[in-house]
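*Asks:* How does the following fold in three dimensions:
(one chain, ligands or ions: 1)
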Amino acid sequence: MKLLITTCVVCLIIVLIGAIRCFADANVPALKDALAKAFLIGVAVNDDVVSGNDSQTTAIVEKQFNSITPENVMKWQFIHPEPNKYNFEPADRFVAFGEKNKMFIVGHTLIWQNQIPGWAFRDDSNNLLGRDAMLARMKDHIFTVMGRYKGRVNGWDVVNEALNDAGPLHKSKWVETVGPDFVQKAFEYAHEADPNAELYYNDFSLDKPAKREACVRLVKDLKDKGLRIDGVGIQGHWALSYPSRKDIEQFINAFAALGVKVMVTELDIDVLPSATQYMGADINVRFELQERLNPYVNGLPDEVQKKLADRYAEIFAVLLEHKDTVSRVTLWGVYDKTSWLNNWPIRGRTSYPLLFDRNYQPKPAFDAVVKTAQGSE
Ligand code: 9MR
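*Replies:* Numbering: from 1, shown residues only. Okay, the predicted model is just below:
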């Protein structure tokens, strides 16, 4: 009897918590409504979100966002893992999810030097391909992937992270095999593959003058050659104090002047101490790094929570001031638990970069974005 009563009480509490949550959720405003007159608000999703395995996250995405980008499943490594073998299933699910929810669907990414298997640059004898053979392979990849989603994916990150921080192109396998005009060739093929899709160049640190100027040259060069480029995405892996408001504005103005759309494509704000000097370390192995580099294991202190909210408000205020140029802002993940920043640059940290917390609840940063958007109307 006692056991029965205890079980009933526990069940009642669970139901009550669920009801309170539902009521609270129903009262949470939607980012896509608050920003409707400004720009698209997107989010990077993984297969758990799209397939409904992580149903609470699915519900957040459906309610809050009007654009999606696949965090990984369209990258060469996943969608084209072996020669002549494509793995379309997760990407198909991603596109169908976006269509079902009438979202602006972004394809990420066609040509990048990371997350691409080594074979892609080599022939059967393991020798690096020459220019013509590599161009044929590039064209085949772009036509196959874009062709499958022709008319369904609205915009593509055609080339990702081709520039290094000092300006010139990375010495990547793309440059080594094709040459520096691989960027132009990618845009040429992408336009042929789906003439109606928007085409973007996407990179990080474009707020830094040397890289920004190099990117301006890259866009001008594409346009001078008569190639289509619709927009530039700045990734927005930012921190509490970087980049400055002025740097963000200079970036926006530089690309507005070229007549292309500007997007913040991978926004997250890191509140953890810089750990780049320990790149690749695992906090669960190197315990001595724990206290210094992973300080908020048990939750984010109120004052840091507030700093994060203020920072999100500041960034959205700048973007809203430039809403004629900014066409989309995409968060790089739905909630803190699944952010890539828990494992980069070192593994096993507890990170807080997004708008929803580990319990799927909107954070003060979320409220700050909504308030900033409502105040700007
Ligand atoms: O978030 C992505 C993470 O799951 C992958 O492990 C990582 C591998 O490089 O890529 C992450 O996404 C990157 C994006 O595709 C391009 N810009 C940088 C992003 C963060 O690394």
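*Asks:* For the nearest residue to residue 356 once chain neighbours are set aside, grab the count of nearby residues.
*Replies:* Spatially, and ignoring its direct neighbours in sequence, residue 356 is nearest to residue 335 (3.8 Å; Cβ to Cβ, 6 or more residues apart in numbering). Just so you know, the C-beta spots here come from the backbone N, C-alpha and C atoms, and that holds for glycine as well. Around residue 335 there are 23 other residues, counting by other Cβ atoms under 10 Å.
*Asks:* and if you look at residue 52?
*Replies:* If we define neighbours as other Cβ under 10 Å, then residue 52 has 12 of them.
*Asks:* ok, now residue 330?
*Replies:* Quick note: residue 330 (other Cβ under 10 Å) scores 25 neighbours.
*Asks:* rewinding a little: need the contact list for the residue nearest to residue 356.
*Replies:* Residue 335 makes contact with 57, 60, 354-358, 360 under the criterion Cβ atoms under 8 Å, 6 or more residues apart in numbering.
*Asks:* And residue 211, by the same measure?
*Replies:* Taking Cβ under 8 Å, 6+ apart, one finds 163-167, 203, 205 in contact with residue 211.
*Asks:* if you set the cut-off to 10 Å instead, what comes out?
*Replies:* Counting by Cβ atoms under 10 Å, 6 or more residues apart in numbering, residue 211 touches 163-168, 203-205, 234, 251.
*Asks:* What of residue 208?
*Replies:* By Cβ under 10 Å, 6+ apart, the contact set of residue 208 is 165-167, 214, 242-243, 247, 251.
*Asks:* repeat for residue 201
*Replies:* Shown in contact with residue 201 (Cβ under 10 Å, 6+ apart): 157-163, 183, 186-187, 215, 218-219, 222, 229-233, 255, 260.
*Asks:* which of these are close to the ligand?
*Replies:* Among the contacts of residue 201, proximity to the ligand is found for residue 160 (Cβ under 6 Å from any ligand atom).
*Asks:* Just the buried residues out of the contacts of residue 201, in ChimeraX syntax.
*Replies:* Buried members of those, defined by 16 or more other Cβ atoms under 10 Å, are picked up in ChimeraX with:
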select :157,158,159,160,161,162,163,183,186,187,215,218,219,222,229,230,231,232,233,255,260
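*Asks:* Select from the contacts of residue 201 every entry located in helices.
*Replies:* 183, 186-187, 215, 218-219, 222, 255 (DSSP state H).
*Asks:* What is the nearest of the contacts of residue 211 to the ligand?
*Replies:* The closest of those to the ligand turns out to be residue 204 (Cβ to the nearest ligand atom; 6.3 Å).
*Asks:* Buried subset of the contacts of residue 208 as a PyMOL selection?
*Replies:* Buried residues within the contacts of residue 208, by 16+ other Cβ under 10 Å, are selected in PyMOL with:
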select buried, resi 167+214+243+247+251
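*Asks:* circling back: spatially, which two of the ones in helices among the contacts of residue 201 are the most separated?
*Replies:* 186 and 255 (18.9 Å; Cβ to Cβ).
*Asks:* can you redo the contacts of residue 335 as CSV with pLDDT, distance to residue 67 and neighbour count?
*Replies:* Shown next, in CSV, are the contacts of residue 335 (pLDDT from 0 to 100; distance: Cβ to Cβ, whole Å; neighbours: other Cβ atoms under 10 Å):
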residue, pLDDT, distance to residue 67, neighbour count
57, 98, 16, 23
60, 98, 14, 24
354, 99, 16, 26
355, 98, 15, 28
356, 98, 17, 23
357, 98, 22, 19
358, 97, 24, 13
360, 98, 20, 17
